[in-house]
Structure formats: structure tokens, C-alpha cells
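J.: Return a 3D structure for these sequence lines:
(4 chains)
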4 protein chains.
Amino acid sequence: MSIVVLYGGGRPNGNTEILTKKVIEGIEVEEIHLKDFLIEPIIDMRHAEEGFPEVNDEYNSIIDRILKHDVIIFSTPVYWYSMTGIMKNFVDRFSQTLRDSNYQDFKQQLASKKAYVIAVGGDNPYMKALPMIQQFQHIFNFIGLPFEGYIIGEANKPDEIFQDLKALSAAELLRKDLQ
Amino acid sequence: MSIVVLYGGGRPNGNTEILTKKVIEGIEVEEIHLKDFLIEPIIDMRHAEEGFPEVNDEYNSIIDRILKHDVIIFSTPVYWYSMTGIMKNFVDRFSQTLRDSNYQDFKQQLASKKAYVIAVGGDNPYMKALPMIQQFQHIFNFIGLPFEGYIIGEANKPDEIFQDLKALSAAELLRKDLQ
Amino acid sequence: MSIVVLYGGGRPNGNTEILTKKVIEGIEVEEIHLKDFLIEPIIDMRHAEEGFPEVNDEYNSIIDRILKHDVIIFSTPVYWYSMTGIMKNFVDRFSQTLRDSNYQDFKQQLASKKAYVIAVGGDNPYMKALPMIQQFQHIFNFIGLPFEGYIIGEANKPDEIFQDLKALSAAELLRKDLQ
Amino acid sequence: MSIVVLYGGGRPNGNTEILTKKVIEGIEVEEIHLKDFLIEPIIDMRHAEEGFPEVNDEYNSIIDRILKHDVIIFSTPVYWYSMTGIMKNFVDRFSQTLRDSNYQDFKQQLASKKAYVIAVGGDNPYMKALPMIQQFQHIFNFIGLPFEGYIIGEANKPDEIFQDLKALSAAELLRKDLQ
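T.: So this is what the prediction gives:
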């Protein structure tokens, strides 16, 4: 089982990253920090005759890296009760890939993979991040990617995630599953 | 009553914009297309000693324009069951404004304003955009901005919003309220 | 198009009933007030060898009446952010019908019908009744009943629904659809 | 810390009850099986001059027992993506207690208590029971009862909950908290 982690956060070693590292401890994974790549916001050309223009950024290279793996972990701090804008701009571009002739089997490929979400927030995420989980569910349903599970963690200050025993315990269980 | 519209969409004259224009027809408003401005994703420095750095982009200028108005309309196509990444990056930066000494009364100012959301989506938004509405509710609650109402519209192809009589009727009612 | 209305409310002529009457004005419908019938809570016997016992109440007679129609309107006041307990006890019994050999084609029959929800609440239902709408969506998905739409209304005191122009306008549009 | 468990399920020794017993193992608690009591559905008389009539059932006696404790655990199987109708009828009656002169300090008393929800469902409850959690959040907010946490479990057949290691682990953590 080959695993890729997509990090949506903007802060190195943030609580979300710490919790995610617990999940992948001792497991070989590919890690992608979306903030380190140029990803343009989508220009919605679904209905233009000429279709989507080629975009000169690093989005496709990340898609290529993701598609090589069996498990995709979306690791995002909860910013304003959803994924970060950085990750959202990445997800928005899926609309383009779905119509890109170079990725004709995008959905078929995703159908055999598994997605997980790991998200840490500071303002009662066990309640207020639930709409975000529902959004991910709709996203994964649309692209045909099985949503296998999620871990919510609560933390505000640096390293505070170590006090969320429920999240740490869920991380450890997921680690065993992924091994 | 002075009104500002924040457009999150990437496509000119899209269905969301059309529905929004119905709401503001005959009313003087300030319109801001977020895609036309440089807005950097937030670098979360809430817990760094040095605090948030000054960011050399156009985010603050938009905040300044918004704060002059009594009503803020968030107008966004539903991309992947939430606001666009462009709008999300804008909202993410609120975290910075909340700690910016130049905006010490940010929350107090917002408390006297009213927010509306107008969102059009193609994949059953009357059901699948509800997590997005809940997310906006959490956002507005946090910044102390009263959430006065929302209009969801369903449309996929260009101009298809004209067939959503429920959305058009809600737009007309809101227009009368705002006059 | 033949229509049945299931009322979940406990108060005659309540705001939910008023709004529903707007929807069915001038249309012949069958109206069922669930509170007038003996409906036992389900005893979950899905996994008992003997299966569900026959229940000596009026539940099945209501199912029989519903199945004769093309459109089912679930009309419920929002009690504590969901359907009334009376209606919930009715819905809970679906589990039994799904395993009742007398209703082997229950799901097939429902698949050709359409469901609507009309719900009026007093505590910001446009936000706080959204989980209820999502719950109905899951219910209808499970039993294979297409969820065609919903109307949320806001009202607290008797007759206050007449001030919710958005709900009244949505009711009028639905009335035209159903005619 | 004195604890009361409200069971909403209709099946003895069901998966929800098993998971709840894990939480309260070795802790003295008062257990109330709502199905064993006569609880009438509410007749909404909030706006009637005469107010709510006295109801000749066992609802108040359960409220009296609950109010003696510091922690209230709502333990319900997920029936149709929410609490059981039995529990819903119980909750619906809160409207009456809130206006009952014999319980004038109902909200003040609840404010010093803590609520937990334990819910086990068979159809992907980690996703599809989230609207139910949001409903409980709204309910607890309204009555002023702090919502301290929830455990979702997945199980369908009898005893299947023993395979949901995530739920069992969360139960063990909660047990330690409650001791």
C-alpha cells in the first residue's frame, strides 16, 4: 500500500502536521506540501468552446504524483471551518482534470484508491468542522474516490495537539490500518 | 443602506453573478471581483513571536472598502461544495486582520453590518451546498457579523439560472429588502 | 399527479400546516395527520430469528394510503431542530416495512414517487433546520425516494408564517409545480 | 461526579448499549431506558392562553431523576440518521418543561451539567450521523447544557460494535475522563 500525504497548511510543523506524522510514523510515504507549489486558481472554462486552457503551473505534476499511490491523505488545518484556501484552490482544479484528455481515466483511477482526511482546528472542531467533513464527502463522492475515514483534532497553540488524546488514539489506530 | 458585493467566481457573467445582479438591480452598490486582486494565502503566524508580517498585496485595500458599507454580500459559485478557493484565501486572511493593530475594532465594526450569501451550484446545491451555508454561519459567528440570509441557486450551463424560479423569486424578495 | 400530505405536527392550524395549505391550495390531496393515529415506536427486531412481530396499530394502514400517491409531502414543524417525535416514530417503522413480505416492492414503488419537505421553525430554521434537511436526504436516499425539494419557513407565534414572504413565495412556486 | 444515562434504543443489549456500558464500566451510574416509560408526544400549547396542560405520564419523573446528576449521557442507536423516535418524543417535551413553573430554574440547573452523546449506527454513521450531532448541538445550546463530546460507533449486526476499534478506544478515553 503506497501512501501520499497532501498538506494544506501554511505553517511548518503545525498541529495538523504533527498529528499526521503520528499516522504515518514508520511508514514510507510521499509528502507534498501544497504551499510549496504554484497552483493557479481555476478559471472555469467548462462551458467555453475552446475548453480549459493549458495552465502553466505545477498542478498537473502534483496530480501525477498522487495518482501513483493507493492512499491519499488530505491533511489540512481547519481554517475558517474548512480546508485551507491553498488546498481549496488545488481541489477546485479537479474540474479541469475531469475534462482533460490527458487524464481520461481520472475517475477510474481514483475509484481504486482510498482517501482519508486529517484536520486540526482550534474552535471546537469536533462540532464546527463537521460541515467540512460533509464537504469532503461530497467531493470524494463526485470524483469517485472512496472516503475511508477522518480524524479531527483540537488544538490551538503550537504542540497543543499532544493533549488531544482522542485524536492521538485515532491516529494510532489509523497508523496500524495503513501499515 | 450602503452595499458591497464580493464576487468569488472566476468566470465573468457566470450564473452566480447573474443571480446577484438580480438582487442589486437598481441599487447602487460597490462591486469587488476578488479574482482581479492579488491576495496571498495566509501564512499562519498567530503563535510566532514576531506576529504576522506585513503582506504586500491588495487584501487590506479590499477590507478597507468593505468596512465602509452596511451590507456585505458574499457572492460565490459553489465550487466543490464550498466557496471558491479565491474567496477562501480571502476569508483565511481574516485571521490576520483580527490581530492587526490597524484594525482593532474589526469585530465591532462588523457587528453593525449584515451579511448575505448568494451561491449557485450545478450539483444539487439545495442539498449539497448546505454544509457551505453552515460554514458561512460559523465564519460570521466568529467575526461577529450578523448572517441575515442566503440564496441558493441551481445552474450548470451558462444562463441556466434563469430557469431556477425559486432562486429568482428569492432574489427579487431580497432586492426589495435591500432597497 | 396524486398527492398525499403527512402532517407531523401536534397543534391544529399551526404555522407549518398553514404554509402547507398554501402549497396545496386548489389541489385535491389526501391529508394524514399522524397524531390522529396509533403508531407504536419500532422494536428493532431486524436481527431476531423470528423477525419483526406483527404490530397491532395503524401504521400499515398509513403506508397503504401513501403508496397510492405519486407525491408525498412531509409537513412537520421543526421541533428541536428536527421532525417531530410523532413523525420520527412513523419514519422509524420504515425499517420494518423494508423487511415485511407484504411490502416486497416497497422501494421500487417509492422510486417512482417524489418527496417534498415543508418545515416551519421558530429558532432561525434557515440555518438550524439544515441538519434536518440533510437527515431527510439520507432517509430518502436509503428508501430510494427522490427528494424533489423543501421549503423552510420561519414562524413562532400563531399565524406568524404570513410574514415570511420567502417561504410564501416558495410555497406558491411549488403549488404551480404540483398542479 | 454523578452520572445518568438515557437510553433511547428499543432493543435490549444492542450495540449502542454495549458501547455505552464500556464507557460506564466500573462507574456507578443511574440508567434510564426511555422505552420503559410512558412519555406522551408533546401537544404544542406554547401559544395557548391556558398553557400546557398537566400530562399524566412519566416524563416529569425522568426529568427529576436527570436533574440530580452532573453528567447526562444520551445513548441512542442511530435510527434513520437521528435519535430514535422514543428519545425524540422525550426531547420534544423539553418545550413544556421550559414553561413549567415547577421547573423555573431548568436552564440554570442544566448549565452546570455536561452532556455526552453515544450513538451507534449501521449505515456509515461517521458521515451520515453528523447531522444528528449537529441537531444535538443545537438542542444543547438552546437549553444551555454544555455539549462535552460524542462517540459515534459503526455496527449493524448484534455485537458488531466490538469490531469498531475507534469507537471502543474513544469509549475507553471517555471512561477515564468520567471516573
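J.: gap between residue A:129 and residue B:161?
T.: With the distance defined as Cβ to Cβ, to the nearest Å, residue A:129 ends up 31 Å from residue B:161. C-beta coordinates here come from the backbone N, C-alpha and C atoms, glycine included.
J.: Looking at those two, which one has more neighbours?
T.: Legend: neighbour count by other Cβ atoms under 10 Å in any protein chain shown for residue A:129 and residue B:161, higher for residue A:129 (28 against 23).
J.: Could you check how far that one is from chain C?
T.: 15 Å (Cβ to the nearest Cβ, to the nearest Å).
J.: residues contacting that residue?
T.: For residue A:129, the contact set (Cβ atoms under 8 Å, 6 or more residues apart in numbering or on different chains) comprises A:78, A:81, A:119, A:121, A:152.
J.: Just read off the phi/psi values of it.
T.: phi -90, psi 0 (degrees, to the nearest 10).
J.: So for it, what's the pLDDT?
T.: What the model reports as pLDDT for residue A:129 is 98.
J.: Relative to the centre of chain A, find the outermost residue for me.
T.: The centre of chain A is farthest from one residue, residue A:49, which by Cα atoms, centre = their mean lies 31.2 Å away.
J.: gap between that residue and chain D?
T.: 39 Å.
J.: same deal with residue A:43?
T.: Counting by Cβ to the nearest Cβ, the gap from residue A:43 to chain D is 32 Å.
J.: That residue contacts residue A:54, correct?
T.: No: no contact is recorded between residue A:43 and residue A:54 when judged using Cβ atoms under 8 Å, the distance being 11.5 Å.
J.: For those two, indicate the residue with more neighbours.
T.: residue A:43 (16 against 10).
J.: wait, what's in contact with that one?
T.: With Cβ under 8 Å, 6+ apart, residue A:43 has these contacts: A:52, A:53, B:10, B:11.
J.: How about the secondary structure of it?
T.: coil (DSSP: H, G, I helix; E, B strand; the rest coil).
J.: So among the contacts of residue A:129, which ones count as buried?
T.: Buried by 16 or more other Cβ atoms under 10 Å in any protein chain shown: A:78, A:81, A:119, A:121, A:152, out of these.
J.: Apart from its neighbours in sequence, what residue is nearest the fourth one?
T.: Going back to what we said before, that points to residue A:121. Spatial nearest neighbour of residue A:121, excluding adjacent residues (Cβ to Cβ, 6 or more residues apart in numbering or on different chains): residue A:78 at 3.0 Å.
J.: ditto for residue A:58
T.: Closest residue in space to residue A:58, ignoring its immediate chain neighbours: residue A:37 at 4.2 Å, by Cβ to Cβ, 6+ apart.
J.: So the one you found versus residue A:103, what's the distance?
T.: With Cβ to Cβ as the criterion, residue A:37 and residue A:103 are 18 Å apart.
J.: Name the member of the contacts of residue A:43 with the most neighbours.
T.: Neighbour max across the contacts of residue A:43 (other Cβ under 10 Å) = residue B:10, 21 neighbours.
J.: So which bits of chain A are right by chain D?
T.: A:126-127, A:130, A:133-134, A:137, A:147, A:149-150, A:165-166, A:169-170, A:173 (Cβ under 8 Å from any Cβ of the partner chain).
J.: Give me every residue in chain A lying close to chain C.
T.: residue A:134.
J.: Spell out the residue ranges of the helices in chain A.
T.: Under the criterion DSSP state H, helices of chain A are mapped to A:15-24, A:59-67, A:85-92, A:94-97, A:106-111, A:125-128, A:130-143, A:165-178.
J.: Run the chain-centre distance for the third one.
T.: Looking back up the chat, that one is helix A:85-92. Relative to the centre of its chain, helix A:85-92 is centred 9 Å away, using Cα atoms, centre = their mean, to the nearest Å.
J.: Surely residue A:29 is in contact with residue A:1?
T.: No: Residue A:29 is not in contact with residue A:1 according to Cβ under 8 Å; the separation is 10.0 Å.
J.: The two: who's more crowded?
T.: residue A:29 (17 against 10).
J.: I'd like the distance between the closest residue to the more buried one other than its chain neighbours and residue A:113.
T.: Closest residue to residue A:29 apart from its sequence neighbours, by Cβ to Cβ, 6+ apart: residue A:3 at 4.2 Å. According to Cβ to Cβ, residue A:3 stands 10 Å off from residue A:113.
J.: what's the answer for residue A:80, then?
T.: Separation of residue A:80 from residue A:113 (Cβ to Cβ): 28 Å.
J.: One more: residue A:64?
T.: Distance of residue A:64 to residue A:113, computed by Cβ to Cβ: 14 Å.
J.: Same question for residue A:104.
T.: Computed as Cβ to Cβ, the residue A:104 to residue A:113 distance reads 17 Å.
J.: ditto for residue A:172
T.: When Cβ to Cβ is applied, the distance between residue A:172 and residue A:113 equals 23 Å.
J.: Residue A:82 now?
T.: Counting by Cβ to Cβ, the separation of residue A:82 from residue A:113 is 22 Å.
J.: how about the nearest residue to residue A:44, chain neighbours excluded?
T.: Looking at residue A:44 with Cβ to Cβ, 6+ apart, the closest residue is residue B:11, at 4.3 Å.
J.: Give me the local confidence score for that neighbour.
T.: On pLDDT, residue B:11 comes in at 84.
J.: if I look at it, how far off is residue B:55?
T.: Applying Cβ to Cβ to residue B:11 and residue B:55 gives a distance of 27 Å.
J.: what does residue A:6 give?
T.: 24 Å.
J.: More neighbours: the two, which one.
T.: With neighbours defined as other Cβ under 10 Å, residue A:6 and residue B:55 compare such that residue A:6 has more, 23 against 16.
J.: right, and the more buried one touches residue A:35 too?
T.: No: contact criterion Cβ under 8 Å: residue A:6 and residue A:35 do not qualify, at 10.9 Å.
J.: who's more crowded, residue A:172 and residue A:113?
T.: Just comparing residue A:172 and residue A:113: by other Cβ under 10 Å the higher neighbour count belongs to residue A:113, 19 against 14.
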